[in-house]
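J.: need a structure here:
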Amino acid sequence: MRLLKEIRNSLGNYHVKSGIYHYYRGEFKPAVDFFRKALEADENLTDGDRRTARYYLTMALTESAERLERKGELEEAALELERASEVSPEYPDIRVRRGHVLERLERPDDAIAQYRGAIAGNPRYLDAWVSLGFCLLRADRRDESEKAFTEACELKLSFVRSPFDRGVERLREGLSSEASDYFRQTFHYDPREFERHYRAALEHLKAETYDAALEHLEEALRLNPRYPDLYNFQGIALCELGRLDEALTAFRRSSSIRPGFLIPRLNLAFAMLRGGMFKDAEAELEAILRDDPTEPAALAKLEELRSGGGTEKRRSPSRGKAR
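T.: Now for the predicted structure:
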């Protein structure tokens with residue numbers, strides 16, 4: 001999840017807005033405090049703000065844990081990840097990260113429990129099976145290790161076969177561009193290389209070095225062109241660089257891959273507003289509110305547009321050249 005700056009300012013709840021402000025400054029402790037206040041003390045919090053607060057609280061805790069781990073403060077990192085998992089138990093990757101930290105603390109039994117918990121949440125989580133296999137192997141639990149690696153191998157084969165089969169289907173349907181995406185996912189995807197570019201892109205987005213973020217996003221998309229978050233991030237970088245037409249295309253691509261994902265649709269609507277496309281933006285905001293009537297930024301902006309605010313003539317930003 002990542003929002004254009006003006007959307008963050010449109011969120012209705014003071015504690016949520018304050019938490020997001022501190023989060024993007026890398027000030028995780030005050031961010032966590034504000035998000036907890038929103039979730040625990042504000043009885044009037046809308047469903048939309050509640051989802052936003054939970055998401056950003058989870059991110060603040062996990063990124064705080066990463067910082068602590070880099071500093072060698074492993075016990076504190078493990079605690080932060082435990083708190084993050086309590087906030088968002090549906091995120092199995094947090095358990096895997098905590099398992100890795102616990103292994104570094106020489107607590108293999110606790111690490112194994114975390115990996116098994118991640119697998120219970122997502123039985124097709126390949127990294128969890130691989131981490132479990134190696135942890136069991138180091139603990140000399142060979143039979144269990146063999147079972148974990150066997151499951152991991154079957155999953156890895158299916159992850160290659162599935163996009164390949166979809167690519168063949170698209171090819172036979174004459175959809176060459178979609179077929180190309182699936183074949184690239186089949187033959188080019190390298191999870192470690194993908195993670196490196198993905199993380200680097202997020203760091204550059206935070207630092208507002210958008211050209212560098214785009215370079216890493218393009219590499220990540222080359223490896224996995226069906227990952228919708230990447231197009232959303234790409235749209236933000238392009239939007240901030242004034243390349244509005246390309247940004248709109250990226251937000252639409254993100255939405256087309258995962259239609260139920262509201263964030264790129266919000267970004268699309270607000271990017272349209274940047275370009276003076278008020279009618280299109282209003283229609284998109286109305287569509288968002290049909291799916292989520294409590295979405296605070298969409299509610300606030302739509303009310304502003306209908307009251308005549310924000311529709312004054314303005315100079316459109318440079319759209320750049322389409323590529």
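J.: buried residues in the helix or strand of the chain with the lowest mean pLDDT?
T.: Least confident helix or strand, the chain: helix 5-8 with a mean of 84, by mean pLDDT, DSSP states H and E. Using 16 or more other CB atoms under 10 Å as the test for burial, helix 5-8 gives I7, R8. Where you see a C-beta, it was placed from the backbone N, CA and C, and this is true even at glycine.
J.: which is the next helix or strand following that helix?
T.: The helix or strand immediately downstream of helix 5-8 is helix 14-24, counting by DSSP states H and E.
J.: Can you name every helix or strand that that following helix contacts?
T.: In terms of contacts (3 or more CB pairs under 8 Å, 6 or more residues apart in numbering; DSSP states H and E), helix 14-24 is packed against helix 5-8, helix 28-41, helix 47-70.
J.: Mind doing that once more with 6 Å?
T.: Helices and strands touching helix 14-24, by 3 or more CB pairs under 6 Å, 6 or more residues apart in numbering; DSSP states H and E, are helix 28-41, helix 47-70.
J.: Quickly compare those helices and say which is most buried.
T.: Compared across those, helix 47-70 shows the largest average neighbour count, a mean of 20 (mean count of other CB atoms under 10 Å).
J.: ok, Y55 to A201 distance?
T.: Noted for Y55: a distance of 18 Å to A201, by CB to CB, to the nearest Å.
J.: ok, which stretches of the stretch 201-323 of the chain are strands?
T.: Here the stretch 201-323 of the chain has no strands by DSSP state E, counting those that start in this stretch.
J.: Okay, now the unreliable bits of it?
T.: Low-confidence segments of the stretch 201-323 of the chain (pLDDT under 70): 309-323.
J.: one more time with 50
T.: Applying pLDDT under 50 to the stretch 201-323 of the chain flags the ranges 312-323.
J.: got a list of contacts for the least confident helix or strand of the chain?
T.: Helix 5-8 is contacted by residues I20, L266, F270, A297 when judged by CB atoms under 6 Å, 6 or more residues apart in numbering.
J.: again, only using 10 Å
T.: For helix 5-8, contacts defined as CB atoms under 10 Å, 6 or more residues apart in numbering pick out 2, 16-17, 20-21, 23-24, 52, 56, 208, 236, 239-240, 263, 266-267, 269-271, 273-274, 296-298, 300-301.
J.: Would you mind listing which of those are buried?
T.: If we count by 16+ other CB under 10 Å, the contacts of helix 5-8 have these buried: 2, 16-17, 20, 23-24, 52, 56, 236, 239-240, 263, 266-267, 269-271, 273-274, 296-298, 300-301.
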